[in-house]
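> Fold the following and give me the result.
(one chain, ligands or ions: 3)
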Amino acid sequence: MTSDSNPRTIVLDGETVAFERGETLFEIAQRHRRDVPSLCYDDRLDPFGGCRLCIVQLEGARKPVASCTTKAEPGMRVTTHNATLDMHRRVILEMVASENRDVDVDELSGYASQEMSTLLDRYDARSGRFDGAHSGTSRPDDGNPFILRDYDNCISCYRCVRVCAEQEGDYAISVMNRGFDTQITTEFGGFLEDSSCTFCGQCVQTCPTGALGDIKALRAKDVPEPVEKTRSVCPYCGVGCAVDILSKGDKVVGIQPAMDGPANEGALCVKGQFAFDFVHHPDRLKTPFVRNDHGQLVPASWDEALDKAAAGLLEAVNEHGRHSLYAVASGRAPNEAGYLMQKFVRAGLGTSYIDNCSRA
Ligand code: SF4
Ligand code: SF4
Ligand code: FES
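Ligands and ions are numbered 1, 2, ... in the order given. As a prediction, the model looks like this:
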């Protein structure tokens with residue numbers, strides 16, 4: 001509780017604003033629509049305070065402070081933008097960018113992959129005036145099919161390591177060494193497939209530089225059409241993770257998690273993240289098939305196929321009873337189709353033997 005003489009307020013850019021116990025200056029600034037830049041911040045993770053881009057000026061403090069790790073105290077007077085802060089931020093960005101082989105990566109690399117290049121433009125920080133040692137060595141030898149490990153573009157923000165630990169609980173990746181020898185790695189420096197990585201793609205989607213990239217989506221980087229995002233729901237299981245389907249022209253080229261998805265808050269599993277090739281797979285059925293008198297599957301009309309299925313079900317019920325039937329609904333079907341399926345089985349066939357394949 002705060003007393004009337006000590007209300008829980010700070011002065012933010014001259015405006016008195018209230019805050020909740022434990023809130024950081026960055027959270028308060030975001031809530032009040034101050035556009036404080038950040039690189040190592042992901043609001044799903046514990047603040048890290050590594051990049052210093054979120055610095056603000058605190059009245060009475062000798063130097064700017066990192067707003068993402070500074071908890072608000074009643075009476076603080078905070079400035080989020082002025083020429084000095086902008087100058088500091090520009091220099092920080094110039095130094096960070098000097099470490100990377102590329103600062104412009106394809107937007108298909110990952111959800112946050114444009115964060116650094118966007119900030120470089122915003123702060124006019126592409127001077128290239130700093131040069132020198134680089135940290136992070138890429139692992140092109142890691143032949144996993146999902147995650148590009150291009151650490152020559154790494155800025156050591158540790159978002160990947162933290163999301164793997166804090167969100168996924170997998171602890172598949174970690175940090176080795178310090179300073180310019182810093183390297184994101186797995187245990188014993190091995191390949192991701194030999195680590196505890198589940199290929200959820202969380203590290204890819206939070207990386208602000210594209211150092212970790214979505215190999216499957218990047219297959220389409222040279223397709224000329226623009227990337228379109230369509231909000232949808234993962235078709236694999238009952239959790240209902242929200243996704244943004246990436247498409248170019250009429251082709252699905254990738255999946256990104258919806259950071260505001262109520263069920264998943266930016267998380268996906270390997271299926272929702274990477275298993276979308278079935279959409280355009282040449283083996284995908286486009287017409288019903290029925291078996292002919294020789295037992296071969298041949299294309300048929302819907303009427304033919306439904307008549308044949310009805311006759312087969314009826315024959316099974318007449319011969320073996322209604323409980324001889326067992327239905328498995330597709331985990332890729334929408335809720336409405338799942339509801340109709342159980343209704344058909346329970347009310348139409350008279351058995352409760354129905355399940356679905358969404359348990360993996
Ligand atoms: S894909 Fe998932 S489990 Fe693997 S390293 Fe990235 S966050 Fe960790
Ligand atoms: S790989 Fe990406 S997320 Fe991980 S530390 Fe490097 S820049 Fe940050
Ligand atoms: S966002 Fe605060 S230090 Fe990186």
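> now the closest residue to G22 other than its chain neighbours, which residues is it bridged with?
Excluding its sequence neighbours, the residue lying closest to G22 (CB to CB, 6 or more residues apart in numbering) is K71, at 6.4 Å. For the C-beta atoms, the positions are set from N, CA and C on the backbone; glycine is no exception. The partner list for K71 in beta bridges (DSSP bridges) reads T24.
> go on, A327?
The partner list for A327 in beta bridges (DSSP bridges) reads I354.
> same question, L212
Beta-bridge partners, per DSSP bridges, of L212: R149.
> and the gap between the closest residue to ligand 3 within the stretch 151-300 of the chain and ligand 1?
Closest residue of the stretch 151-300 of the chain to ligand 3, CB to the nearest ligand atom: C157 (7.1 Å). Taking CB to the nearest ligand atom, to the nearest Å as the measure, C157 falls 14 Å from ligand 1.
> who touches that residue in this structure?
By CB atoms under 8 Å, 6 or more residues apart in numbering, the contact list for C157 reads 39-40, 48, 50-51, 208.
> do that again at 6 Å, thanks
By CB atoms under 6 Å, 6 or more residues apart in numbering, the contact set of C157 is 39-40, 50-51.
> Mind telling me what element it is part of?
Using DSSP states H and E, C157 falls within no helix or strand.
> Break down this structure into its helices, ranges please.
Taking DSSP state H, the helices of the chain run over residues 25-31, 83-98, 115-122, 159-162, 202-206, 215-218, 270-274, 302-320, 335-343.
> TSV please, covering the ones you listed and showing distance to G240 and mean neighbour count.
Listed next are those as TSV, based on distance: least, CB to CB, whole Å; neighbours: other CB atoms under 10 Å:
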stretch	distance to G240	mean neighbour count
helix 25-31	27	21
helix 83-98	37	17
helix 115-122	27	19
helix 159-162	26	24
helix 202-206	18	27
helix 215-218	22	21
helix 270-274	10	21
helix 302-320	29	12
helix 335-343	9	13
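> Can you flag the weakest of the ones you listed by average pLDDT?
The minimum mean pLDDT among the helices of the chain belongs to helix 335-343 (a mean of 91).
> What is the distance between that one and the centre of its chain?
Computed by CA atoms, centre = their mean, to the nearest Å, the chain-centroid distance of helix 335-343 equals 30 Å.
> same for that helix, what does it pack against?
Counting contacts by 3 or more CB pairs under 6 Å, 6 or more residues apart in numbering; DSSP states H and E, helix 335-343 packs against no other helix or strand.
> quick one: contacts for T80?
When contacts are counted by CB under 6 Å, 6+ apart, T80 touches 13, 29, 34, 36, 56.
> switch the cut-off to 8 Å
12-13, 29, 34, 36, 56, 67.
> Buried subset of these, written for ChimeraX?
Selection of the buried residues among these in ChimeraX, burial being defined by 16 or more other CB atoms under 10 Å:
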select :12,29,34,36,56,67
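> Tell me who's in contact with the residue nearest to A66 when sequence neighbours are not counted.
Leaving aside its chain neighbours, A66 sits nearest to G49 (4.7 Å; criterion: CB to CB, 6+ apart). G49 makes contacts with 40, 66, 68-69, as judged by CB under 8 Å, 6+ apart.
> Would you tell me which residues of the stretch 51-200 of the chain are close to ligand 3?
Residues of the stretch 51-200 of the chain that fall close to ligand 3, judged by CB under 6 Å from any ligand atom: 51-54, 66, 68.
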